[in-house]
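Participant: Return a 3D structure for these sequence lines:
(one chain, ligands or ions: 1)
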Amino acid sequence: MTISLANMSGGHFTLTAPAKINLFLHVTGRRDDGYHLLQSVVVFADAGDKVSFTRHDSLFIDIEGYFASHVGDLRENLVYRAAQALAQEYKHEATGKLVLEKNLPVASGMGGGSSDAATTLKGLVKLWGLPDERDRLYKLAATLGADVPACLVRRPVWMEGAGEKMMRMPDMPDMHLVLVTPPVATPTPEVFKRFAKRAAGRYSAPIQFIGRRKTMHEWIADLKLYRNDLTDAAIEVSPDIRTALAAIAATPNCHIARLSGSGATCFGIYESAAAAQAAVNKLRIEHPRWWVKAAGLFKE
Ligand code: C5P
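Facilitator: Down below sits the predicted model:
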């Protein structure tokens with residue numbers, strides 16, 4: 001048996017950047033700077049990108065994986081930006097060989113880029129031996145994108161404001177999700193722009209959400225009361241989202257079919273793993289060009 005010393009010394013390790021799913025998302029207002037005020041329950045799925053970290057004299061980033069070719073300019077990439085921002089904040093030299101395995105469709109509403117950024121911060125704190133300063137890291141995360149702080153938590157969170165107010169939720173029963181992404185780019189700024197036009201100042205009333213449900217059944221019953229307010233705007237940008245939602249809803253034993261974030265990813269919730277897998281099989285046959293995956297909740 002070979003034991004890698006690098007692994008044991010923290011000189012080489014891999015972290016998962018789990019997919020972010022908004023179980024519901026209400027828009028309750030708009031700030032003066034144009035950002036929308038949201039209320040959402042965010043969970044993380046056990047499907048995601050991966051980032052591996054190895055000690056190296058300079059900063060070296062490589063991208064591989066199924067969706068690697070969909071990643072644009074590396075300097076715009078959130079892995080690169082997160083590494084630079086952390087180096088600047090801690091006056092630390094930007095070093096390390098980082099390999100991003102891009103398994104999630106890009107710009108798809110699963111927070112792939114945000115989760116990659118949060119995972120990069122987490123990994124580099126370890127690789128560089130930085131102090132564990134939660135507040136400082138969360139503040140830095142917020143400068144990289146509205147969803148990045150939640151992606152640092154990687155557990156179910158109640159999210160408010162423009163994404164900066166978060167509260168850890170009590171642990172949830174494992175969920176049987178089916179994630180579906182039609183291959184259409186659905187840029188977040190465009191969806192919010194259309195939403196603002198459609199809403200014309202009318203927003204959802206804020207809700208008081210208390211995460212006290214225990215069973216999957218109770219969760220599903222509760223989540224049915226809520227929705228994703230960005231759905232119509234996202235369909236306007238990418239009409240395939242309507243087709244995806246209808247296809248998910250038509251799978252047997254599907255309790256909820258909903259859009260995540262600003263799309264194009266939609267998800268279904270099922271009470272059993274078998275029902276979720278049957279839905280995956282059906283959707284893959286009906287829509288071979290869609291990205292379709294069964295997932296549970298992410299666990300560290
Ligand atoms: O911060 P992030 O890159 O995720 O946001 C992209 C764009 O989406 C913002 O520039 C803004 O136009 C819109 N947005 C918003 N309200 C939010 C989050 C994003 O209007 N809470």
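
Participant: these two touch, right, T215 and M172?
Facilitator: No. Look at T215 against M172 with Cβ atoms under 8 Å: they stay out of range, at 10.0 Å. All C-beta atoms are positioned from the backbone trio N, CA, C, and that covers glycine.

Participant: Settle it for me: which of these two has more neighbours?
Facilitator: For the pair T215 and M172, the greater number of neighbours falls to M172 (17 against 10), based on other Cβ atoms under 10 Å.

Participant: Any idea how many residues pack against the closest residue to the more buried one other than its chain neighbours?
Facilitator: Nearest-residue entry for M172: P156, 5.3 Å, with adjacent residues in sequence omitted and distances by Cβ to Cβ, 6 or more residues apart in numbering. By other Cβ under 10 Å, 22 other residues sit near P156.

Participant: next one: L225
Facilitator: Around L225 there are 8 other residues, counting by other Cβ under 10 Å.

Participant: Quickly note the distance from the residue nearest to M172 to D229.
Facilitator: P156 sits 20 Å away from D229 when distances are taken as Cβ to Cβ, to the nearest Å.

Participant: Same check on R154?
Facilitator: Applying Cβ to Cβ to R154 and D229 gives a distance of 25 Å.

Participant: Ok, A273 next?
Facilitator: 30 Å.

Participant: neighbour-wise, which of these two wins?
Facilitator: Using other Cβ under 10 Å as the criterion, A273 and D229 rank with D229 on top: 22 against 12.

Participant: name the element the closest residue to that one other than its chain neighbours belongs to?
Facilitator: What sits nearest to D229 in space, not counting adjacent residues and going by Cβ to Cβ, 6+ apart, is V27, at 4.4 Å. Using DSSP states H and E, V27 maps to strand 12-30.

Participant: avg pLDDT for that strand?
Facilitator: If you average the pLDDT over strand 12-30, you get 96.

Participant: Toward the C-terminus, what is the element adjacent to it?
Facilitator: strand 36-54.

Participant: Confirm for me that G111 is in contact with D147.
Facilitator: Yes. Contact criterion Cβ under 8 Å: G111 and D147 qualify, at 4.8 Å.

Participant: Which one's more surrounded, these two?
Facilitator: G111 (29 against 25).

Participant: which residues sit in contact with that one?
Facilitator: A19, K20, D147, A150, C151, G261 (Cβ atoms under 8 Å, 6 or more residues apart in numbering).

Participant: Let me know the closest of the residues you listed to the ligand.
Facilitator: Closest approach between these and the ligand, by Cβ to the nearest ligand atom: D147, at 5.6 Å.

Participant: what's the closest non-adjacent residue to that closest one?
Facilitator: Once flanking residues are discounted, D147 sits nearest to S114: 3.9 Å by Cβ to Cβ, 6+ apart.

Participant: and V180, bridged to which residues?
Facilitator: Per DSSP bridges, the residues bridged to V180 are C266, V292.

Participant: Tell me, how many residues neighbour it?
Facilitator: 27.

Participant: can you check L25 too?
Facilitator: 25.

Participant: who touches it in this structure?
Facilitator: The neighbourhood of L25, defined by Cβ under 8 Å, 6+ apart, consists of L38, Q39, S40, N228, D229, L230, S260, G261.

Participant: give the contact list for the first one.
Facilitator: For L38, the contacting residues are L25, H26, V27, T28, M159, E160, G161, A162, G163, taking Cβ under 8 Å, 6+ apart as the criterion.
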